[in-house]
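Below is the structure, and that's it, no one-letter string:
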């Protein structure tokens, strides 16, 4: 009988330890689950970046091919588009355009396509944050719930100046 009583007291003394171990086990399992989810998210982001880089490579290769075309074919292309710097200047200085409504889409060397408010873009002055103009892909006007691409380098959209025959809706 004394043995039974002694084993009962040892079981009750291990119950808090068993509870602590169970809690630690649950915390560890939850942490491992979160790590797994983060790894999946990182793989998806890496695939997205790789897809953007692959698209950029294909675009550049296609561009090399198009440079070899005849002069007549390049003349059929149409008028030259205004530059991203021209668009930034127009958004900044044209009183009919509100800079707060515009977003700059650009290709980040390490993060793929990213967006930044035009007002923030114009205020970025540190070398670390600076992005070259040739990485700008598009400008979007975001007013309320509507988004409209107003300038896109590769789709040849220019609704800011109309150099490709388009204008901003409502203007």
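Arrived safely. No experiment lies behind these values; they were computed from the predicted model shown. Numbers count the residues shown, from 1 in each chain.

Let me see the confidence value for residue 84.
Looking at residue 84, its pLDDT is 90.

which non-adjacent residue is nearest it?
Among residues not flanking residue 84 along the chain, residue 136 sits closest, at 4.0 Å (CB to CB, 6 or more residues apart in numbering). The C-beta positions use only the backbone N, C-alpha and C, and glycine is treated the same way.

Show me what that neighbour is bridged to.
The partner list for residue 136 in beta bridges (DSSP bridges) reads residue 106.

show me what contacts it?
Going by CB atoms under 8 Å, 6 or more residues apart in numbering, residue 136 touches 84, 104-106, 153.

Report the contact partners of residue 90.
So residue 90 contacts 97, 160-161 (CB under 8 Å, 6+ apart).

one more time with 6 Å, if that's ok
Residue 90 sits next to residue 160 when contact means CB atoms under 6 Å, 6 or more residues apart in numbering.

from here on, count from 8
Shifting the count to begin at 8 puts that one at residue 97.

Surely it is in a helix?
Yes. Per DSSP: H, G, I helix; E, B strand; the rest coil, residue 97 lies within a helix segment.

now it: how far from residue 144?
Distance of residue 97 to residue 144, given as CB to CB, to the nearest Å: 17 Å.

Just give the nearest non-adjacent residue to residue 89, would you?
According to CB to CB, 6+ apart, the nearest residue to residue 89 is residue 168 (4.6 Å).
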